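Student: Please find the sequence and the predicted model below.
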Amino acid sequence: MIKRGSLAAVAAGLLLAVAGCGNGAEGKAGASGSGSADAAQAGPPSRKLVKWVGAVCESTSALKTVRKDSAKDLKEIRKPEEPGPPAEHLAASYISRTPWPVEEAESDLKDLGSSGVPAADRLRDAWLKKLKNVVPELDEMSPADAFEDAEGSAADVDELIQSLTPPEPDLGALTKKDPRLATAHKRAKQCAPGWKPGEEETAKPAPDPTGPLPEAADGKDTGACSDGKCEVLVTSEADITANGLNVHVTADGDSVTFQSDGGYMRLGGQGGVAKFGDDVKVTVVAQNEDGAVLKFSIP
């Protein structure tokens, strides 16, 4: 026989047990909800996000290379090697070619839509703000300035280039806070250590610099360049008019030089790109001791 006091104790115990179960269920539900949210955030990134992150890595890598090359060029302009081009010619070439990769990076970042991650979009906007301040000033620099003050004009350009450092927090910092960005960063080939812009675009192996030059589409017919689009072979020197721009080209075993009214530019061989404002872009397709195959195009 159970006494009334015992019944009260049992009832109290049951109430506590029910209350305990309720709290436990709520706790588990809360933990489950939190876990689901984390899982959703850490889920596989969309293909769009991987592509977006890869594009930012590519532009960031390109601007890092520009900063490094700019510092190296300025050092050479201050103390030109002898024998070699004078400081004025080096500076004119530097001022002519330096804005191109910066403008290209700005254009690529402008073309990116929203990533779907607010912090990442803010990073893109911060990059564009920096570039918007720098690009117009670079465009105002003229290669002709180099012939008045080689070191000073080059130093002014380098100062602008060195200001293009990644905004804070940069992409690396953002990946530590957002699992989606972290996974997208790992999957984007442009974000891999040692990756270089343009590597994945190479459709065929580069010609052997010690072997024969590939056949140029237009042979030695420099007249084919009048519309700004051609691929020609230059074996020593040539005067080429492309899209209204007159360029004197000299090809030797170590470099290709371009001289126009806008200045002087020297490229160190295969893969180099010379840009003459918005008129003409020249790519060194291949080069060896026999000459160079040059592709002219309109930027």
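Tutor: Okay, I see it. What you see is a predicted model; the values in this text were computed from it and never measured. Numbering: from 1, shown residues only.

Student: low-scoring pLDDT stretches of the protein, where are they?
Tutor: Scanning the chain with the threshold set as pLDDT under 70 gives 1-43, 197-211, 262-263, 268-270.

Student: where do the strands sit along it?
Tutor: Here the chain has its strands, by DSSP state E, at 230-234, 237-242, 245-251, 256-260, 263-267, 273-276, 280-288, 291-297.

Student: just so I know, which of those strands lies nearest residue 212?
Tutor: strand 280-288 (8.1 Å; Cβ to Cβ). C-beta: built from backbone N, CA, C; applies to glycine.

Student: what lines up beside that closest one in the sheet?
Tutor: strand 273-276 (antiparallel), strand 291-297 (antiparallel) (DSSP bridges).

Student: Angles on the backbone of residue 228, please.
Tutor: phi 90, psi 0 (degrees, to the nearest 10).

Student: Please report the number of neighbouring residues for it.
Tutor: For residue 228, the count of nearby residues is 17 (other Cβ atoms under 10 Å).

Student: Skipping adjacent residues, who's closest to it in space?
Tutor: Distances taken as Cβ to Cβ, 6 or more residues apart in numbering place residue 243 nearest to residue 228, at 3.1 Å, with adjacent residues excluded.

Student: could you check the distance from that neighbour over to residue 196?
Tutor: Per Cβ to Cβ, to the nearest Å, residue 243 is found 29 Å from residue 196.

Student: circling back: next, format the strands of the chain as JSON lines and append mean neighbour count.
Tutor: JSON lines is the format used below for those (neighbours: other Cβ atoms under 10 Å):
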{"stretch": "strand 230-234", "mean neighbour count": "21"}
{"stretch": "strand 237-242", "mean neighbour count": "17"}
{"stretch": "strand 245-251", "mean neighbour count": "18"}
{"stretch": "strand 256-260", "mean neighbour count": "21"}
{"stretch": "strand 263-267", "mean neighbour count": "23"}
{"stretch": "strand 273-276", "mean neighbour count": "21"}
{"stretch": "strand 280-288", "mean neighbour count": "21"}
{"stretch": "strand 291-297", "mean neighbour count": "24"}
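
Student: re earlier: from what I can see the residue nearest to residue 228 touches residue 230, true?
Tutor: No. Contact criterion Cβ atoms under 8 Å: residue 243 and residue 230 do not qualify, at 10.2 Å.

Student: overlap in contacts of those two?
Tutor: Jointly contacting residue 243 and residue 230 under the rule Cβ atoms under 8 Å, 6 or more residues apart in numbering are residue 296.

Student: give me every residue that touches residue 44.
Tutor: By Cβ under 8 Å, 6+ apart, residue 44 lies in contact with residue 183.

Student: residue contacts, the residue nearest to the spatial centre of the chain?
Tutor: Centroid-nearest residue in the chain, with Cα atoms, centre = their mean: residue 59, separated by 2.4 Å. By Cβ under 8 Å, 6+ apart, residue 59 lies in contact with 105, 108, 109, 127.

Student: Just the closest of those to residue 89, please.
Tutor: Nearest to residue 89 out of the contacts of residue 59 is residue 105 (Cβ to Cβ; 26.5 Å).

Student: Surely that closest one and residue 131 touch.
Tutor: Yes. Contact criterion Cβ under 8 Å: residue 105 and residue 131 qualify, at 6.8 Å.

Student: how is this structure carved up into domains?
Tutor: 47-196, 222-297 (automatic domain parsing).

Student: Show me the one of the strands paired with strand 280-288 that comes nearest residue 217.
Tutor: Taking Cβ to Cβ, strand 291-297 is the member of the strands paired with strand 280-288 nearest to residue 217, at 8.4 Å.

Student: Could you verify my assumption that residue 196 touches residue 62?
Tutor: No. Contact between residue 196 and residue 62 fails when scored by Cβ under 8 Å: they sit 9.3 Å apart.

Student: Please say which of these two ends up with more neighbours.
Tutor: Neighbour count, other Cβ under 10 Å: between residue 196 and residue 62, residue 62 has more, with 19 against 11.

Student: just the helices in the stretch 1-150 of the chain please.
Tutor: 4-41, 47-78, 87-97, 99-111, 118-140, 150-162 (DSSP state H, counting those that start in this stretch).

Student: Just the buried positions in the last one, please.
Tutor: Applying a neighbour-count criterion of 16 or more other Cβ atoms under 10 Å, one finds 150, 153, 154, 156, 157, 158, 160, 161 buried in helix 150-162.

Student: Cool, thanks, signing off.
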